[in-house]
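**Student:** Using only what follows, build the 3D model:
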Amino acid sequence: MRVFVTGATGFIGSAVVAELIANGHEVLGLARSDAAAESLKAAGAIPHRGSTEDVDSLRAGAAQADGAIHTAFFHAFSHASLGTRMRVVLGGSPRNVVSRFLAATLATDLGAINAIGGSLTGPDRPFVAAFGTMALAPGRLGTEDDEIDPRSVGGARGAAEQAMRDLAGRGVRTSVVRLPPVVHGDGDRGGFLPMMIAAARKHGVVSHVGDGGNRWPAVHRLDAARLFVQALEKGDAGSRHHAIAEEGVPVIDIATAIGRRLDLPTRSATPGEIKAGYGFLAPFIGTDNPTSGAVTKARLGWEPTHRSLLDDLRDGTYFTG
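**Tutor:** You can find the predicted model right below:
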């Protein structure tokens, strides 16, 4: 199968590309730059120039493929086009820059899903997209049957997940892979763990909310990549899958592991200190997000085999470079 992949050179997307190729698929990877195109060629994929903001390039890429996997989502300001950055910066009060940037990322993601899905009509052309478990209701074990909670810290992406369901109603074999807040492994430079480590180094302490008993699910990126491919190959239209290896690692355990490696103390911080220390990550630090992947494992036969989140932190890779 020829598979169109967005985010193909990213932390998760590059692992998806490798997994697809290892399973005999041909990959057409979205490339925003010459460097990304060369990286894809080196990985054995075919580069397709464009971006998630260029819906024509997305339609063209999907039209050339038998299926698609969408992992792209720009989290950093630098990921957006110059035009988008200018609109965000000049579009109103400086205090609302973050909310304008979030609105731009959500609109881009929704537009990308509709553009790709619109080119993949037919039940034999699967479309898999990544979402997050932080969009589920906090404080209880989330399952694959749970709907997005619009009041959750990640609930703003609910419209995009609904778009996947709407595409299934139009005959596209869509499936969703919900990723935990911590997808870990070699090469992680922009996820939750690197941001927590950077904040700890900057402030000389590893901060958490309350007693740090809130839980984050986790998965190794190579296990997540395998699930994307299994969902592509076997997922039913409209299905939801959870890439969960660990249902809930207490944040205090994560903070303690970071503190030990950096020889820094851990402490409970005030809301103001959490905001100052973690920036846009602050709302997620105190969220309790235990999540199950039991249904996914039973339906697709997916089994995580790589090392745990805390083992990755103990290994020390996150503290080099």
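**Student:** okay, CA-based contacts and neighbour counts for the rest of this
**Tutor:** OK.
**Student:** how about the helices in the chain?
**Tutor:** 11-22, 34-43, 55-63, 82-90, 97-118, 158-169, 192-203, 221-234, 251-262, 271-278, 282-285, 294-300, 309-315 (DSSP state H).
**Student:** Give me the contacts around the second one.
**Tutor:** Counting by CA atoms under 8 Å, 6 or more residues apart in numbering, helix 34-43 makes contact with 8-9, 17-18, 29, 31, 46-49, all of which sit outside it.
**Student:** Kindly reformat the residues you listed as JSON lines containing neighbour count, distance to D124 and pLDDT.
**Tutor:** Converted to JSON lines, the contacts of helix 34-43 look like this (neighbours: other CA atoms under 10 Å; distance: CA to CA, whole Å; pLDDT from 0 to 100):
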{"residue": "A8", "neighbour count": "29", "distance to D124": "22", "pLDDT": "97"}
{"residue": "T9", "neighbour count": "24", "distance to D124": "26", "pLDDT": "95"}
{"residue": "V17", "neighbour count": "31", "distance to D124": "20", "pLDDT": "98"}
{"residue": "A18", "neighbour count": "20", "distance to D124": "22", "pLDDT": "98"}
{"residue": "G29", "neighbour count": "29", "distance to D124": "20", "pLDDT": "98"}
{"residue": "A31", "neighbour count": "24", "distance to D124": "25", "pLDDT": "96"}
{"residue": "I46", "neighbour count": "19", "distance to D124": "22", "pLDDT": "98"}
{"residue": "P47", "neighbour count": "24", "distance to D124": "23", "pLDDT": "98"}
{"residue": "H48", "neighbour count": "23", "distance to D124": "22", "pLDDT": "98"}
{"residue": "R49", "neighbour count": "18", "distance to D124": "25", "pLDDT": "97"}
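**Student:** Looking at those, spot the one nearest H203.
**Tutor:** Of all these, H203 sits closest to T9, with 31.6 Å by CA to CA.
**Student:** which ones are touching the closest one?
**Tutor:** So T9 contacts 31, 36, 39-40 (CA under 8 Å, 6+ apart).
**Student:** ok, back up a step: of the helices of the chain, which shows the lowest average pLDDT?
**Tutor:** Lowest mean pLDDT within those: helix 82-90, a mean of 70.
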